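**Q** Could you look at this predicted model? Sequence included:
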Amino acid sequence: MSEREKQPTGPHRFEMPAWISCAPFERLLNMQIAEAADGKAVLRMPFLIDFAQGAGLMHGGALVSLADTAVVMAIKSIIAPQSHFATIALDARYLAPVKQGVVTAEARVVKRDGRLLEGEATVYDEEGRAVLSFRSTFKIARDTRIEGVRFEE
């Protein structure tokens, strides 16, 4: 049994340094938050060899994780700290392969319907080419306060 297999499988307790900061999984993927404010966020992630699939391209799951996290940070920028919410649906469209470099996700919260928030993200490669189109829906806790964002209806 490897050392990794010997590690506890949860539940895990940890503290994040700030409300808008990367959780352990996001740090594992080397994500960096460039900005998060007013219902928008920009995150970056390098294409490391550990993120490659069998053909040497960036794994689609890594790209989706970046897009999902970017939407999370956009949401965190408009709700009260320590609010509870979770992804309940997502749709990802792969537009082009990533072979190298740093990818950037640009996300925004686009709609609110009661306790549901919808977000969109586009992931770009270093040349500015869109490589992933992403949309997700999150459910927020009943008592969550949302601040200062106008949603297009």
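**A** Done, it's in.

**Q** Poorly predicted segments of this structure, please.
**A** By pLDDT under 70, the low-scoring segments of the chain are 4, 148-153.

**Q** how about the strands in it?
**A** Ranges of strands within the chain are 32-37, 40-46, 85-94, 102-113, 116-124, 130-140, based on DSSP state E.

**Q** Without its sequence neighbours, what residue ends up closest to the spatially most central residue of the chain?
**A** Nearest to the mean C-alpha position of the chain, by Cα atoms, centre = their mean, lies T69 at 1.1 Å. Spatial nearest neighbour of T69, chain neighbours left out: E26 (5.4 Å); criterion: Cβ to Cβ, 6 or more residues apart in numbering. For glycine as for every other residue, the C-beta is placed from the backbone atoms N, C-alpha and C.

**Q** correct me, but that neighbour touches D68?
**A** No: with contact defined as Cβ atoms under 8 Å, E26 does not reach D68; the gap is 9.8 Å.

**Q** buried stuff in stretch 123-143?
**A** Neighbour counts over stretch 123-143 (16 or more other Cβ atoms under 10 Å) mark V123, Y124, D125, V131, L132, F134, R135, S136, T137, F138, K139, I140 as buried.

**Q** repeat for stretch 70-87
**A** A70, V71, V72, M73, A74, I75, K76, S77, I78, I79, S83, F85.
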